[in-house]
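J.: sequence and predicted structure, then a few things I'm wondering about:
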Amino acid sequence: MSTYLARHYIFTLTALYHQERPPHHTPHDMVYQPKVSVLIPARNEENVIGRILQRMTELTYPKEKLEVIVINDASTDRTSEIAEEYAKKHEYIRVAHRKPEDGGKGKPAALNHGLKHATSEIIYCFDADYYPQRDILEKLTTYFADPKVGAVQGRVTVLNEPNTLVTRLVALERIGGYRVDQLARDDLGLIPQFGGTVGGFRRSLLEFLGGWEADMLAEDTNLTFKTYLAGYKVRYANEAECYEEAVENWRSYWRQRCRWAKGHMQCAFRHLWPLIKSKNLRLREKIDGFLLLNIYFVPIFVGLAWIVGAALCLVHPFPWITSLWVFIPVSVYSSVGNFAPFFEVGIGAYLDGRARVYWLIPLLFLTFLFNMLICTKALIDLCLSKITGKKQHPWAKTLHNGRGKSYLNTPRRQSPAISKQKVC
Amino acid sequence: MCGILLANWHSFGHRRRRPNYLHVTVGVGVTVAIFLIYSSLNCMPNEPAPVSIAVFNFLFIFLIFPLEGPLLRKTFLLLSGNIVGLAWYLVKSSFGAASAYYLGVGAFKVLYVVMGPIIDLIWIVSVWSLGLSFLASTQRRNEKGKEGIN
């Protein structure tokens, strides 16, 4: 717990006082623009697919070096029709259809299908509900000039932030996660995480690693660790922003986070030992990797600590357990330790120049409590699937309603994040 | 080519935000003064109060005072936070006494000892967030002012 506490503070202070770099400059200002492929997996995304494809046509990356592949994952709505319309008008946009019997097996399976159709060395992946900056590919691609970089991750910002309380809280989590966590990890030479979307991979590395693993629910975390174990690095580009449509209600939040928690725990079970043994990683990367892999166990331990603390306080099974023994660790962790993530989010918002989001920060306590339940359920589910020998974890797809569209090209109703940072 | 490229990879940094150590020093001084006043007046409502108020002061000094913003405003926010902290403890003590009387000693212990610090977190985070909000608004106003002048 204390290590996580220290980690939060180190990350926050690093993000606050780090050396800011000019955006997307290569050494000596050289231009590095190889041919790139953008994969967009889509299953029943008729509400949002047109928006991202329209954005693809507006990207400033040279079109002769661009290839956009929409993977129609056996959609039953108008997704295929809309994508085909764009493909007819723009020759760099193509649609790869999956058969109904193969479709619906999750994003990793769809991405592997798309990879077969891609012809470039750099492979980018964007979710259908995302809305990237126009020059995002230039910003991300420059990092690949470094041969040690295997993957690059951009920043995710919430598009529909003002819609509900949940979207506002998710936006705060994203600010803390990207503006502070990822940036500090990159700055300290630790392990920035590939987030599965708004990022790219070297094709050769991706193929060497076996592509996206269909049975992993957190295929992004899995790939991050496989990349590091293979001796490559992941870089984080804070200046490369992309806007996402966040989940709008607690039910969707629960489903999405459950998938993330389960997937992350799967990764922890799989990569913990290879990470410790690896000779490709420095000590600090091993420590950060260890903490990152176990992060979804923390809410469970905090919950347990509360329950055990309350029980010991009431029962007093041993004479040496006095209220002081219970009081000190609980006080310290609750007052200073739990404060650390709030501080991280607050400083992230401050660095973004946000003005009116701070009053929501105490409400993040709700999501913390919610995550406690989510992580506990995820762990129980994983243990049950281990015991019963059931390996397949169903991919809970997040539904997107496309309502984030209202915050684009309408200056009066723009989301605060967008109005501040200007969608260009 | 690759060697030159890698050697120069980290060499183009240009700006670093620096903590305001002078403000931090003043903040420490103000906090010491506040605690001297507390101890001389003996005005703490109950035992855990100094712990949480100390935690608040520590966090506020080291996390708010180094940021950009007027010193006077930061000091005012620190003092306001201390007043809120004291008021919070008066209310909490009353609830504690009521819970001990009506729910019994066991429930009182759980509420007060185990849940207490978590409940304290609410006021600490709220006041800290409010402080940050004030600083951010001032900064934005200053930036707008500069843009207007330019």
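T.: In hand now; what should we look at?

J.: check which helices and strands the strand or helix carrying A:Thr376 sits against.
T.: Per DSSP states H and E: A:Thr376 is located in helix A:364-388. Secondary-structure packing of helix A:364-388 (3 or more Cβ pairs under 8 Å, 6 or more residues apart in numbering or on different chains; DSSP states H and E): helix A:165-174, helix A:250-277, helix A:298-315, helix A:339-351, helix B:116-149. Just so you know, the C-beta spots here come from the backbone N, C-alpha and C atoms, and that holds for glycine as well.

J.: I'd like to know how many residues surround A:Arg168.
T.: Other residues near A:Arg168 come to 18 when the count uses other Cβ atoms under 10 Å in any protein chain shown.

J.: for A:Glu84, find the nearest of the helices and strands packed on helix A:364-388.
T.: Among the helices and strands packed on helix A:364-388, helix A:250-277 comes nearest to A:Glu84, with 28.7 Å by Cβ to Cβ.

J.: any low-confidence regions in chain B?
T.: B:1-17, B:42-49, B:110, B:113-114, B:117, B:146-150 (pLDDT under 70).

J.: spatially nearest residue to the residue nearest the centre of it, not counting backbone neighbours?
T.: Nearest residue to the geometric centre of chain B (Cα atoms, centre = their mean): B:Phe60, 2.9 Å. Closest residue to B:Phe60 apart from its sequence neighbours, by Cβ to Cβ, 6 or more residues apart in numbering or on different chains: B:Leu78 at 5.5 Å.

J.: tell me who's in contact with the one you found.
T.: Residues counted as contacts of B:Leu78 (Cβ atoms under 8 Å, 6 or more residues apart in numbering or on different chains) are B:27, B:30-31, B:34, B:57, B:60-61, B:64, B:131.

J.: in what helix or strand does it lie?
T.: Counting by DSSP H and E, B:Leu78 is part of helix B:71-103.

J.: next, the buried residues of that helix.
T.: Using 16 or more other Cβ atoms under 10 Å in any protein chain shown as the test for burial, helix B:71-103 gives B:74-75, B:77-78, B:81-82, B:84-85, B:88-89, B:92, B:96, B:99-100.

J.: now swap in stretch A:179-197 and tell me
T.: By 16+ other Cβ under 10 Å, the buried positions in stretch A:179-197 come out as A:179-188, A:190-197.

J.: distance to A:Lys139 for the helices and strands packed on helix A:364-388 - can I get that in TSV?
T.: Output for the helices and strands packed on helix A:364-388, formatted as TSV (distance: least, Cβ to Cβ, whole Å):
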stretch	distance to A:Lys139
helix A:165-174	18
helix A:250-277	26
helix A:298-315	32
helix A:339-351	18
helix B:116-149	24
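
J.: highest average neighbour count across those helices?
T.: Using mean count of other Cβ atoms under 10 Å in any protein chain shown, the stretch among these with the largest mean neighbour count is helix A:339-351, at a mean of 24.

J.: and that helix, how far out from the chain's middle?
T.: 18 Å (Cα atoms, centre = their mean, to the nearest Å).

J.: quick check: angle from that helix to helix A:165-174?
T.: 90 degrees (axes from the mean of the first three to the mean of the last three Cα atoms, to 10 degrees).

J.: what's in contact with helix A:339-351?
T.: In contact with helix A:339-351 (Cβ under 8 Å, 6+ apart) are residues A:4-5, A:8-9, A:11-12, A:15-16, A:172-173, A:175-176, A:178-181, A:357-358, A:361-362, A:364, A:368, B:55, B:59, B:63, B:67, B:121, B:124-125, B:128-129, B:132, B:135-136.

J.: quick one: average confidence on it?
T.: Across helix A:339-351, pLDDT averages out at 86.

J.: okay, the angle between it and helix B:116-149?
T.: 10 degrees.

J.: measure B:Arg140 to A:Leu16 for me?
T.: Distance of B:Arg140 to A:Leu16, given as Cβ to Cβ, to the nearest Å: 17 Å.

J.: repeat that for A:Ala349.
T.: For A:Ala349, the distance to A:Leu16 (Cβ to Cβ) stands at 12 Å.

J.: tell me what whichever strand or helix holds A:Lys286 is packed against?
T.: Under the criterion of DSSP H and E, A:Lys286 resides in helix A:283-293. Counting contacts by 3+ Cβ pairs under 8 Å, 6+ apart, helix A:283-293 packs against helix A:2-17, helix A:219-229, helix A:250-277.

J.: wait, the residue nearest to the centre of chain B sits on B:Gly131?
T.: Yes: using Cβ atoms under 8 Å, B:Phe60 makes contact with B:Gly131 at a distance of 6.7 Å.

J.: what do the two both touch?
T.: The contact sets of B:Phe60 and B:Gly131 overlap at B:77-78, B:81 (Cβ under 8 Å, 6+ apart).

J.: name the nearest of the residues you listed relative to chain A.
T.: B:Leu77 (12.4 Å; Cβ to the nearest Cβ).

J.: centre of the chain to the helix or strand hosting A:Arg51, how far?
T.: Assigned by DSSP H and E, A:Arg51 belongs to helix A:49-58. Here helix A:49-58 is found 21 Å from its chain centre; the criterion is Cα atoms, centre = their mean.
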